[in-house]
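> let me see the structure of the following:
(chains A and B, ligands or ions: 2)
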Number of protein chains: 2
Amino acid sequence: ASALMLSAHAQSNAPSSNASLVSMQKNANDWVMPTGTYNNWRYSPLKQINTSNAKNLQVAWSMSTGTDRGLEGQPIVIGNMMYFETSYPNYVYAIDLNHPDQIAWKYSPPHDSNAPPVACCDVVNRGPAYADGMVYANALDGVLYALDAKTGKVVWQAKNAHPQKGQTMTGAPMVVGDNVITGVAGGEYGVRGYLTAYNAKTGKQVWRAYSEGPNKDMLMSATHTINGATGKPIGPHSSLKTWQGNEWKVGGGTTWGWFSYDPKLNLLYYGTGNPGTWNPSQRPGKNRWSMTIMARNPETGEAKWVYQMTPHDGWDYDGVNEMVLVNVDDKGKEVPALVHFDRNGFSYVMNRETGAPIAIHKYDPSVNWATGINPKTNEPIVDPAKMTGNNKDVKDICPASQGDKDEQPVSYDPQTKLFYAPLNHLCMSYQAFNVKYKAGFPFVGAIVNMIPGPGGYRGRFIAYNPMTGKTIWQHHDMFQDWGGAMTTGGGLAFYGTLKGMFRVVDAKTGKMLYQFKTPSGIIGNPITYMHDGKQYVAILSGVGGWAAIGMADNLHKASAGLGAVGLNATLTDYTNLGGTLMVFALPSKVASAN
Amino acid sequence: ASALMLSAHAQSNAPSSNASLVSMQKNANDWVMPTGTYNNWRYSPLKQINTSNAKNLQVAWSMSTGTDRGLEGQPIVIGNMMYFETSYPNYVYAIDLNHPDQIAWKYSPPHDSNAPPVACCDVVNRGPAYADGMVYANALDGVLYALDAKTGKVVWQAKNAHPQKGQTMTGAPMVVGDNVITGVAGGEYGVRGYLTAYNAKTGKQVWRAYSEGPNKDMLMSATHTINGATGKPIGPHSSLKTWQGNEWKVGGGTTWGWFSYDPKLNLLYYGTGNPGTWNPSQRPGKNRWSMTIMARNPETGEAKWVYQMTPHDGWDYDGVNEMVLVNVDDKGKEVPALVHFDRNGFSYVMNRETGAPIAIHKYDPSVNWATGINPKTNEPIVDPAKMTGNNKDVKDICPASQGDKDEQPVSYDPQTKLFYAPLNHLCMSYQAFNVKYKAGFPFVGAIVNMIPGPGGYRGRFIAYNPMTGKTIWQHHDMFQDWGGAMTTGGGLAFYGTLKGMFRVVDAKTGKMLYQFKTPSGIIGNPITYMHDGKQYVAILSGVGGWAAIGMADNLHKASAGLGAVGLNATLTDYTNLGGTLMVFALPSKVASAN
Ligand SMILES: O=C(O)c1cc(C(=O)O)c2c(n1)C(=O)C(=O)c1cc(C(=O)O)[nH]c1-2
Ligand SMILES: O=C(O)c1cc(C(=O)O)c2c(n1)C(=O)C(=O)c1cc(C(=O)O)[nH]c1-2
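Ligands and ions are numbered 1, 2, ... in the order given. This next block holds a predicted model:
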């Protein structure tokens, strides 16, 4: 079990009724959903821009977003139309690529000013989705908008989250079959996480699956939902028995990360966030199903399998990072798998049909909160010296709460069969204390101070094999690499740095082929598309997110921003707030030669 | 008298003690003052970028300013250091061009939040100045800062304007000899304008010259200050006798435009703004010396000559536009002249030694408020049908209050001997009404509605000969061309549009050689410099100013923003607020071949 196997760029033979997106994602000229394709590869076969000409890249056009907070999403491109969404106040823009000097339409939602104060980690948004002539956009204040893609007019809207309860929405929705799937944020406000499906045409709620509580609230079955760690059904009260009293009601497990979907298995994948309050002493038990990979039927919401990565979390290692769907060679057999780089520093290769672990490795050697994974229980072996708790001051825990990777998505390149991962490299001290829940108020209970990991740098970009745990090559960066990755058929990997450099490297060797200083720091994700015979690469430049919360929120105390401000205090020596869409291409002569 | 004559790029043999700037401006590798050179040519002999390779230009790097209001200034470059200033809150940045991915220092002044509400036309700033290791920066709230160019530390500061009296500062200071010269804004608040000189080393006030009042307040001499219109001394009470009662005390004539300086004649040139209240019925008389070109000794402030372009203004045709110092052939004699494109639609060529008019022409054929200039009085012949007044609703006045040109500076190209002028093309209706003065409150007294000029477009960029009044070529633009111009030894003219296109045209023919869509609309001024063997061109992108006051101030009523909002209501279909410094260059291969 050591090599990743190539599977098709996009899955086919979908039983789902939403045939259009399944086939649309095969058109490499477009970038039809936030994740590129349902499998979350963030890979495009386009190769007009390639290793031999990437050095000639240049900015083709640019556009201010009219906002100045962190830009964590990416545009989508369908035919000649591009759509993207800004951070709060969540403007949605449509650009006709035949006239990029104009704004085809702009939707500026009414917005609830109660939302920004309860957004934990900047007022970000991870992008709108598209299906069947509609654009679906989450707003921070909890409204999911369905917009007419032609006009930007609201077709329907659904109130999915309530800021006065600490609930917000930062993630990107995904359209699967007849449903728009959307998550909720607020793990730092004692929000009980849930995932919700709305009918894409009408906005009617189809199902909602909580992360904690009675099995039926979670759309889990005692007998049919499998715990991937044991290979056995979860049994009755699978969540309730892992909490004390009513703690599950403020149990966290929010769903603010990326989703993926396998049309063949008809399974939707996502992870849940940290359990409520960062003080583990206040919530004895495994705190299920926080920190869990979920595999659900997207039509009914029923959970097929679950796998908890960090039971009884004491570090804020949210399990929401994306699941990348690839087939792997498991002892000679091709197995449908998912690959997940968890905040906790372990990379997981799981059988995506059954939830059985295939390979789990530390992808950052500095990980020290756990020594490894117990092969019997498939649970981490926690170092007791790194376990946090009431009134303990635990030092030198690696990774820090931001994890060795946070929401910044990786890319899978089917040519090299490697994963390209923008990472953090951080450690921390962590002092937990008791905190009382009050709706809409922080429910954190820990003083954290993050520091650069061993070697003194804070970020890495690596080419990695999750079956072996081997890093093929890596770059170090002064700050966290908080923007996402993309790979292309041109043999290239793309990513941006917190200082604002947009980089193109040779996917095989890591050699830097091109870099450009964008206006602000980058926490967005590159995409690529073809227009009029030319390949373009687009990236949102706009520093913020948790990594730059000090700048974004104008905070100065080192322990502010959930312990993140002190870490990047010098970022202001390199970049400024500001929102810009930057679009790159080759000069016409070079492009037409390729 | 028809041809402009070439004079040297920079004047020499300066009697002034500030030899350093006089010689520094000869170094074409730098851009040492906001206007490029004392003569305000905004011309650089650099020619690595030229008509044959401009098409290969590309963005070299970019930097968010961390602000989102209009950017009307330009960087200065001294050696390997670049300095620029943002709109309010007036950040001053220093960038080491060897490390453009870092901010060498940033000065963020304390700021008086009373200032923005009394800034008439967005919270703009037209750039910092440099001399002798110091950077001089005006802040909107009236403070002139002298910063150590190495560290950004405040060496001294002077309070030059008081927002609670309606006074602000938007202009760029100019260092002349031992003095820093700075102006004041607030013509829409009944501010009595003045120009002030501070000792560059100490910040001590050296002189202050008012635009109205007793001759001695204006540093004018009844016998020695010449009225250029008559060729005779101004006589006693030259201003007082042109006002009723105490009206001169709220008489306007502010000094918010660009300055220029002739080291040989040791004369400083600038213009004064509109007389207090836009309702001319409230201020019978010629309202001197509002709307006037001033020529002063920069050491003492004494006025050598004055020339009022728009006596008894009824249209808000501020006379502050820049004076460009060139020598002209006046009937076979080379004469030191200044060329001035006034808001009122006339271009003025004046003997800059004596103040005598040499050639005055309409540079926009639509001008209709005056039929011409009376050759006897050298004053405009006003069309009485276009004169505004109490309770009159005067329609179809051309130009509108924004003039056929506002603050956007022209460039003079000594190779073509032509002026390159970014212009407005606007008309208006104007209803004056009585208004009472109250310190710090608007003192406007007119409801204005601006409309596009004949032909339906709002902007032009022209190559023009002010001796003949001939337009050699022109481009029309949907919106006002509110950014400044630059010409270079490469045979190029550079300018930006309100939609955000940065353009490079052949100075001879007007042929568009390159254009790039910058993030936001452009109201800034291009500059160029040489660094490490490469020629760069820099421009601030950030829509705003009076032209885009609707967007900048989020105003929607057509007559809001002093009548400017309705005119450009559709600008939001093209661009967004946002501040970015954009730096262009040729690809290294092309650059090194030139
Ligand atoms: O628990 C939650 O609900 C929640 C929400 C979010 C969010 O909505 O962005 C983040 C986190 N947690 C979080 O733990 C985290 O590291 C994080 C980083 C970011 C970001 O955008 O940079 N958001 C969030
Ligand atoms: O009378 C004044 O004091 C004053 C000040 C300013 C300014 O400070 O920007 C402008 C004007 N007037 C003005 O008339 C005008 O057209 C104007 C345009 C702009 C601009 O920045 O776009 N400022 C000003």
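> which sections of the stretch 1-150 of chain A are below the confidence cut-off?
Within the stretch 1-150 of chain A, the stretches with pLDDT under 70 are A:1-19.
> closest point of it to ligand 2, which residue?
For the stretch 1-150 of chain A, the residue closest to ligand 2 is A:S64, as judged by CB to the nearest ligand atom, at 18.4 Å. Bear in mind the C-beta positions are built from the backbone N, C-alpha and C, glycine included.
> can I assume that residue is in contact with A:G579?
Yes: A:S64 lies in contact with A:G579 (CB atoms under 8 Å); the separation is 6.5 Å.
> of these two, who's got more company?
A:G579 (31 against 28; other CB atoms under 10 Å in any protein chain shown).
> which residues touch the more buried one?
Going by CB atoms under 8 Å, 6 or more residues apart in numbering or on different chains, A:G579 touches A:64-69, A:71, A:86-87, A:520, A:540-542, B:578.
> quick one: which of these has the most company?
Ranked by neighbour count (other CB under 10 Å), the contacts of A:G579 have A:G542 at the top, with 37 neighbours.
> so where is chain A shaky, pLDDT-wise?
Chain A contains residues with pLDDT under 70 at A:1-19.
> now the helices: where do they sit in it?
Secondary structure of chain A (DSSP state H): helices at A:19-24, A:549-553, A:560-563, A:588-592.
> can you put these in TSV and add distance to A:N434 and mean neighbour count?
Below are those laid out as TSV (distance: least, CB to CB, whole Å; neighbours: other CB atoms under 10 Å in any protein chain shown):
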stretch	distance to A:N434	mean neighbour count
helix A:19-24	47	18
helix A:549-553	24	23
helix A:560-563	17	22
helix A:588-592	61	13
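> I'd like those laid out as TSV, including distance to chain B.
Shown next, in TSV, are these (distance: least, CB to the nearest CB, whole Å):
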stretch	distance to chain B
helix A:19-24	28
helix A:549-553	9
helix A:560-563	18
helix A:588-592	10
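> tell me which of these sits nearest to ligand 2.
Closest to ligand 2 of those is helix A:549-553 (CB to the nearest ligand atom; 28.4 Å).
> dump the closest one to CSV, keeping only the CA atoms.
Provided in CSV are the C-alpha atoms of helix A:549-553 (Å, rounded to 0.1, in the frame of the first residue of the first chain):
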residue,chain,number,x,y,z
ILE,A,549,-6.6,38.5,12.4
GLY,A,550,-4.4,41.1,14.0
MET,A,551,-4.3,43.2,10.9
ALA,A,552,-7.9,42.5,9.8
ASP,A,553,-9.4,43.3,13.2
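> how deep is the residue lying closest to A:Y194 once chain neighbours are set aside tucked in, by neighbour count?
Among residues not flanking A:Y194 along the chain, A:Y210 sits closest, at 4.7 Å (CB to CB, 6 or more residues apart in numbering or on different chains). Per other CB under 10 Å, the neighbour tally for A:Y210 reads 24.
> dump the residue contacts of A:Y210.
Counting by CB under 8 Å, 6+ apart, A:Y210 makes contact with A:R192, A:G193, A:Y194, A:D217, A:M218, A:G253.
> okay if I get those as JSON lines plus neighbour count and distance to ligand 1?
Output for those, formatted as JSON lines (neighbours: other CB atoms under 10 Å in any protein chain shown; distance: CB to the nearest ligand atom, whole Å):
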{"residue": "A:R192", "neighbour count": "23", "distance to ligand 1": "11"}
{"residue": "A:G193", "neighbour count": "28", "distance to ligand 1": "7"}
{"residue": "A:Y194", "neighbour count": "26", "distance to ligand 1": "11"}
{"residue": "A:D217", "neighbour count": "17", "distance to ligand 1": "18"}
{"residue": "A:M218", "neighbour count": "29", "distance to ligand 1": "17"}
{"residue": "A:G253", "neighbour count": "33", "distance to ligand 1": "8"}
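> using a markdown table, please lay out those together with distance to ligand 2.
Converted to a markdown table, those look like this (distance: CB to the nearest ligand atom, whole Å):
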| residue | distance to ligand 2 |
| --- | --- |
| A:R192 | 52 |
| A:G193 | 50 |
| A:Y194 | 51 |
| A:D217 | 59 |
| A:M218 | 59 |
| A:G253 | 53 |
